[in-house]
Structures are given as structure tokens and as C-alpha cells.
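Asks: Structure of the sequence below:
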Amino acid sequence: MRLAAMLATLLMLISPVRAETFDSIAAVVNNQPITCYEIQQDVDNLLRQFKQAKISQIPSRQQLITRALDDRITSKLQEQEAAKLDIKVDDDELNQAIANIENSNKLLPGQLEMALAQQGMDFAAYKKSLREQLLNSKLINIAVRSQLQISDETMKEYYRKYVANSAPRREVQLAQIFIALPPDPSPEQVAETREKARRIYQELKAGRSFSQMASLHSDSTEGKKGGNMGWFLPGGISARFASTLELPVGGISNPIRSPAGFHIMTVLAERMHKAETQGESHDEIHARHILLQIPKTADIATRAKIMHRAQTLARDMADASDEEFATRAKEVSQGPSASRGGDLGWFKRGAMVPAFEDAAFKLKAGQTSGVVESPFGLHIIRVVARRHVDPNSFEAKRDQIQEILTNAEMQEQVPRWLAGLKERADIEKHDCTGIVVSTQGR
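Replies: Numbers count the residues shown, from 1 in each chain. Alright, predicted model coming up:
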């Protein structure tokens, strides 16, 4: 009876306006709806963030709704694009991400859920948000990052200027407010967007919270984090933003025009970074392999059958070219590298299990092994190339430098890609008259 009475009371407290909010449509994006109920949830979350940050200046109701709706539309477009490309985040990936978060915060397995509960956060909602972040990250890596090419000369110039010279460098933590332009904007659209950026800049100079303004107005992916872009060293940011690295902590840049829009940046913090020298020189090999797995439940006859198949493969591949070996690996290998033709990339001693490593390092470039057994199964190994590596050389730092310069290029390319998604989409916006902006408890 007590439960029935409680439910009846709750139903009485739900006003017609809130019921309308639950049922109404805020927008339709390529024939998929966004509900006013979802926008209400997002507005509540924004208000909660402002409360936690102890921000006293509450944005207007329309500002909060506009911010929430824009974010939902962007998320919906990314979700649709991921579906087109058949990109997914499975439960194993999600659980691994949670484990990484717990580990980085020195929490034991399962403690993240308790920590979030103490902050009044629902763990199921947190996991849903985290899965969305992982999905968007995979999508951007495939749709944008994989399309970028950084030339060797650009990487060598970065190495000569910043890596070979081990002098300490100032590293700064940047945040930005990004106001997007549509693709191929008209002069009127450029002028309107420039004026919006100027108004935001003036409010910032008058003392408004950068984090709050970024949460409300920034069109960049880090807008929900108060605009925080992370830490940057000289050379690790797009050239048009390089001057922001010279700002003092708390300094705010004038609006900077890029092909995608206008950027206002600030320095949140600074620290000195000293280049580290790494270890002694060593040998590395570039190898491929074909892996045949042996089930743990396999009996003697099954093991013998798999071994015979592996020995046959090894004989067939003994004189094969690298291209032939890669093709065969794609066809029959049962390892995660199969889609790459069995390519394991470059590695040094200590990176692989002993049995695999011992066999691989005995081979010359172009040679293929017999059957090698490890805890993972049966391998046929082909060494593509060998090299001697100085860990402080350009070759050793190449991947790291490529990552830095690619991230710098991504700062301009991701906003342009998002703008393109919006430009090509069919988006209808509607009013959510029932949305409530409550400051109770503030």
C-alpha cells in the first residue's frame, strides 16, 4: 500500500507541462528524432555542472536550451555516421575503458561506480556517455585522422628544432571557445560569426568564466569540458595558433580566424618540459606472422591436425614473397593482425613472448620460419626487415613526432569535418515550450 501511495503521489506531481516535455520533439536529424525530454536532461546536467563549478551567473533559459540542442544534434550526426561505417564499441572495449579510468585514478575494480554514486551520478548513464565518447573517438580516427598525411620533411624539421635540442621548453594547458562557420560561408555569415566571437571575447575580458562560456558557446568537441584542449609544447599546435603558447597563464587571445571558424584561446596552466634521452641503441625487426590457435580443450588428435596444417603452411610459405605471405595471413591467420596481413610492425627484444622472439631474431630479412609454438598457438614468422636503432634518433622518435603533428592538424580538420556533417544533414528544429530551467538549491 505504501508503494502504491508513493507512486500515486509521484504521478500527481508530474505536471502537464512536464508530460508535454517528455512527448515533444525538439529536432529531427535525418529522419531521427531528438526529444524535448532529452534536452531537459541535458539542461539539468549543464546546471549541475555550473553548480559544481560554483558559477553564480546563470545563463538564460534560451542559451541553455540552444547549447543542449546543438550538442544533441552533433551527437546524433556522429552516431549516424558511425552506423554508416559500421563502427561499434563492444562491451569488452567499454569495460577496458572503465578499468583504465579506475587504474589512472588509483581505484580498485568496481570502485568507480561507488565514487560516481557519491557524487550523485548514475553509473548506467555514465557508461552510456563513455560508450558514446569511445564511439566518437573511433569515428574521428577513421573519418579524419586516417586521411591525414604528415611528410617526412615536416617530421624531420620538428625533430631538428624541438627533439634534437634538449633544452627545457615551456608547456601550456590550453582551452578554447570555437565558433564554427558553415562550409563555404557567405561574407554575411563570416561577419555575423566574427561579431559573435567578438562579443564573447568582450564578455571574457569583463570577467565571465571561460569554462562557462565554452560550455555554452563552443562548437568544438571539448566544449563540454569547459574548452580544455590539454597540454601543448611549441611545434605541437597548428601554426595559426602558435602565438597562444606565448600567452601568460590566464591570458586570452583575440579571436583567431581559421577555415572552420573563429577560436578564442586561454592558457590555463604552465610547466617546464625537459626532453628525455632514452636508453641505449638496440636491434629491431619488422615481422609478419600467421597464427593458428589451439583450443584449450583440444585432444591429442586435434592438436596433431592443427600442427600438420601449420607445417604445411610453413612449407608453402618458405619461398613466398612478402606480398604472398601477407595475402595468406589475411586468409588463414587467427590473430588480431590478420586484417593487416599478419603485420606486427617493428619491435625489439622484450616485446614478444620468448619462444616467438627467439625464433624471429634468428631470421634474416626475407626469411620465413618453420612452426613456432607459443602460449598463443602455432606461428609461422616472416621477417620483413631488420634495423639497428638509436632510441634518440629521428627514426626512433618518428612515430611520436607523427602523432604530435597529426594532433596539431586535427585541431583544424575535426571542426571542418563536423561542419560538413551538419551542412549535408537534413535538420528540423522545433520548440520545447515545456523545458524548465530550475536554479533550486543553488
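
Asks: low pLDDT regions in the protein?
Replies: Scanning the chain with the threshold set as pLDDT under 70 gives 1-23, 53-57, 276-279, 434-442.

Asks: domains for it, by residue range?
Replies: The chain resolves into domains spanning 27-145, 168-277+397-427, 282-389 when parsed by automatic domain parsing.

Asks: Which residue would you name as the spatial centre of the protein?
Replies: In the chain, the residue lying closest to the centroid (CA atoms, centre = their mean) is Ser137, at 3.4 Å.

Asks: May I see the buried residues of the helix or strand that contains that one?
Replies: If you go by DSSP states H and E, Ser137 is part of helix 123-143. For helix 123-143, a neighbour-count test (16 or more other CB atoms under 10 Å) marks Tyr126, Lys127, Arg131, Leu134, Leu135, Asn136, Lys138, Leu139, Ile140, Ala143 as buried. Backbone N, C-alpha and C define where each C-beta goes, glycine included.

Asks: just these now: which is nearest Leu69?
Replies: Set against Leu69, the nearest of the buried residues of helix 123-143 by CB to CB is Asn136 (17.9 Å).

Asks: any idea how far that closest one is from Glu428?
Replies: The gap separating Asn136 from Glu428 is 23 Å, by CB to CB, to the nearest Å.

Asks: Just list what the helix holding Ser137 packs against, helices and strands only.
Replies: Using 3 or more CB pairs under 8 Å, 6 or more residues apart in numbering; DSSP states H and E as the contact definition, the elements that helix 123-143 packs against are helix 61-84, helix 91-104, helix 111-118, helix 394-424.

Asks: quick one: Val371 is in a strand?
Replies: Yes: the assignment for Val371 by DSSP: H, G, I helix; E, B strand; the rest coil puts it in a strand.

Asks: What about it, how many residues nearby?
Replies: Using other CB atoms under 10 Å, Val371 has 21 neighbouring residues.

Asks: again with Lys274
Replies: If you count neighbours by other CB under 10 Å, Lys274 ends up with 9.

Asks: What sits closest to it if chain neighbours are left out?
Replies: Residue nearest to Lys274 in three dimensions, not counting chain neighbours: Pro168, with 4.7 Å by CB to CB, 6 or more residues apart in numbering.

Asks: which residues touch the one you found?
Replies: Met272, His273, Lys274, Ala275 (CB atoms under 8 Å, 6 or more residues apart in numbering).

Asks: Please type out the ChimeraX selection for whichever of the residues you listed turn out to be buried.
Replies: Here is the ChimeraX command that selects the buried residues among these (16+ other CB under 10 Å):
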select :275
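
Asks: now the contacts of Pro168 in a markdown table, with distance to Ala287 and secondary structure?
Replies: A markdown table is the format used below for these (distance: CB to CB, whole Å; DSSP: H, G, I helix; E, B strand; the rest coil):
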| residue | distance to Ala287 | secondary structure |
| --- | --- | --- |
| Met272 | 40 | strand |
| His273 | 34 | strand |
| Lys274 | 35 | coil |
| Ala275 | 30 | coil |
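
Asks: which among the contacts of Pro168 gets closest to Pro415?
Replies: Proximity of the contacts of Pro168 to Pro415, judged by CB to CB, is greatest for His273, which lies at 26.8 Å.

Asks: close enough to count as contact, that closest one and Glu171?
Replies: Yes: here His273 reaches Glu171: they are 4.2 Å apart, a contact under CB atoms under 8 Å.

Asks: Give me the common contacts of those two.
Replies: By CB under 8 Å, 6+ apart, His273 and Glu171 have these common neighbours: Leu233.

Asks: in the stretch 251-400 of the chain, which spans are helices?
Replies: In the stretch 251-400 of the chain, the helices defined using DSSP state H, counting those that start in this stretch lie at 300-317, 322-332, 354-361, 394-424.

Asks: For Ala164, which of those helices is the nearest?
Replies: Smallest distance to Ala164 across those (CB to CB): 8.1 Å, for helix 394-424.

Asks: tell me the contacts of the nearest residue to Lys156 once chain neighbours are set aside?
Replies: In space, and not counting its chain neighbours, Lys156 is closest to Phe394: 6.1 Å by CB to CB, 6+ apart. Counting by CB under 8 Å, 6+ apart, Phe394 makes contact with Met155, Lys156, Tyr159, Val163, Ile401.
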